[in-house]
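Peer 1: sequence first, predicted coordinates after that:
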Amino acid sequence: MRIIEGLRIKDAVKELFIRLNYSPDSLKDVVFTDPSMDHFERKLAEIIDENCQKAKAEMRPLCQDCGVAQVFVKMGKNVTFSDAPSLDILINKGVEEAYSEGLLRKSTVVDPFERKNEGKNLPAFIHYELCDGDTFEISAIAKGGGSENVSAQKMLVPAVGREGVADFVFETLKNAGGKGCPPYFVGVGVGGTFDSVAALAKKALLEQVCEDNELLDIINEKIKELNFGVLGFPGKSPVKAVFVKKAPTHIAMMPAAVALNCHSFRTGKVEL
């Protein structure tokens, strides 16, 4: 049995969320400017590229919306931890310290109606996956409210097939327009159940994978019909990348979810 010091887990979470907001792994080699853009759209893309460079150099957040904290833990059965009765406590403490010490805006309210903000950005929204061996991985995403608000999920019928799922992705993007700060990174989840498919779409963003190239090709063709570009202004570049994950599902169901992420694509992973 491998024991990981709890304080090490807490510090890893803190450092990960600070890094996500200044210089995330997911934007390391990303350039938004493209020679095919017209002059106006290219100027907007250049501003985004400059913003990414300044955030890293000056240790300033990529966006004023530093997001809710979402964490995906993959933990082997031969691993345990010290210093706390649950991982939730360690992860939440790491998130709280990150948003305090990293000078990040705290955007989480403790009640959806009363809207009270305690200034901690808690709780983190945590998902666990158990596995064999002694793996211990923490993946995280700092998810802004704008792109989260224009994400969507739907219970489709199996008869619609890939074409129906692609139509749903297209309609979600069309309805989003510029409200979620494109160019979008798009996570598509298909399968599972009503409650699991949205998390599957988020995992597609985290893992940056495509598990169905045929569906991806159909989506990419439909994206060409969108009539907006960078930041929702006229242009040809509303989407930067599309990722797809699938899961088993019921014979009568085709759950689908589209998790849109703005151009401030803030994901990363740490292995302990």
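Peer 2: Nice, I can see it.
Peer 1: residues contacting the residue lying closest to residue 24 once chain neighbours are set aside?
Peer 2: Leaving aside its sequence neighbours, residue 24 sits nearest to residue 266 (CB to CB, 6 or more residues apart in numbering; 4.4 Å). In this view, the C-beta of every residue, glycine as well, is placed from N, C-alpha and C. When the contact criterion is CB atoms under 8 Å, 6 or more residues apart in numbering, the partners of residue 266 are 20, 21, 24, 26, 27, 62, 67, 141, 142, 143.
Peer 1: tell me the predicted confidence for residue 266.
Peer 2: Model confidence at residue 266, given as pLDDT, is 98.
Peer 1: tell me the phi and psi of it?
Peer 2: The phi and psi values for residue 266, taken as degrees, to the nearest 10, are phi -110, psi 90.
Peer 1: ok, the one 4 residues further on next?
Peer 2: The main-chain torsion angles of residue 270 are listed as degrees, to the nearest 10 and equal phi -130, psi 140.
Peer 1: who's it bridged to?
Peer 2: For residue 270, the residues forming beta bridges with it (DSSP bridges) are residue 138.
Peer 1: was I right to think it contacts residue 94?
Peer 2: No: the pair residue 270 and residue 94 does not pass the contact test of CB atoms under 8 Å, sitting 10.5 Å apart.
Peer 1: okay, the two: which has more neighbours?
Peer 2: More neighbours sit around residue 94 than around the other of residue 270 and residue 94, counting by other CB atoms under 10 Å; the figures are 26 against 16.
Peer 1: ok, and the closest non-adjacent residue to the more buried one?
Peer 2: Beyond its immediate neighbours in the sequence, the residue positioned closest to residue 94 (CB to CB, 6+ apart) is residue 13, lying 2.8 Å away.
Peer 1: from residue 246, how far out is the one you found?
Peer 2: As for residue 13, its distance to residue 246 is 29 Å (criterion: CB to CB, to the nearest Å).
Peer 1: next, the closest residue to residue 65 other than its chain neighbours: phi, psi?
Peer 2: Sequence neighbours aside, residue 144 is the residue nearest to residue 65 in space, at 4.2 Å (criterion: CB to CB, 6+ apart). Comment: the main-chain dihedrals of residue 144 come out as phi -70, psi 150, following degrees, to the nearest 10.
Peer 1: what sits against residue 144?
Peer 2: With CB under 8 Å, 6+ apart as the criterion, the residues that contact residue 144 are 63, 65, 66, 67, 181, 261, 262, 264.
Peer 1: quick one, phi/psi of the third one?
Peer 2: Pointing back at residue 66 there. On the backbone of residue 66 - angles per degrees, to the nearest 10 - the values are phi -90, psi 10.
Peer 1: and what of the last one?
Peer 2: Dihedral angles phi and psi of residue 264 (degrees, to the nearest 10) take the values phi -80, psi 80.
Peer 1: test my guess that residue 242 contacts residue 220.
Peer 2: Yes: under the criterion of CB under 8 Å, residue 242 is in contact with residue 220, at a separation of 6.7 Å.
Peer 1: show me which of these two is the more surrounded one.
Peer 2: The residue with more neighbours, out of residue 242 and residue 220 and counting by other CB under 10 Å, is residue 242; that gives 20 against 12.
Peer 1: so what's the more buried one up against?
Peer 2: With contacts defined as CB under 8 Å, 6+ apart, residue 242 is in contact with 169, 186, 188, 210, 216, 219, 220, 223.
Peer 1: that one - that's part of a strand, no?
Peer 2: Yes: counting by DSSP: H, G, I helix; E, B strand; the rest coil, residue 242 falls inside a strand.
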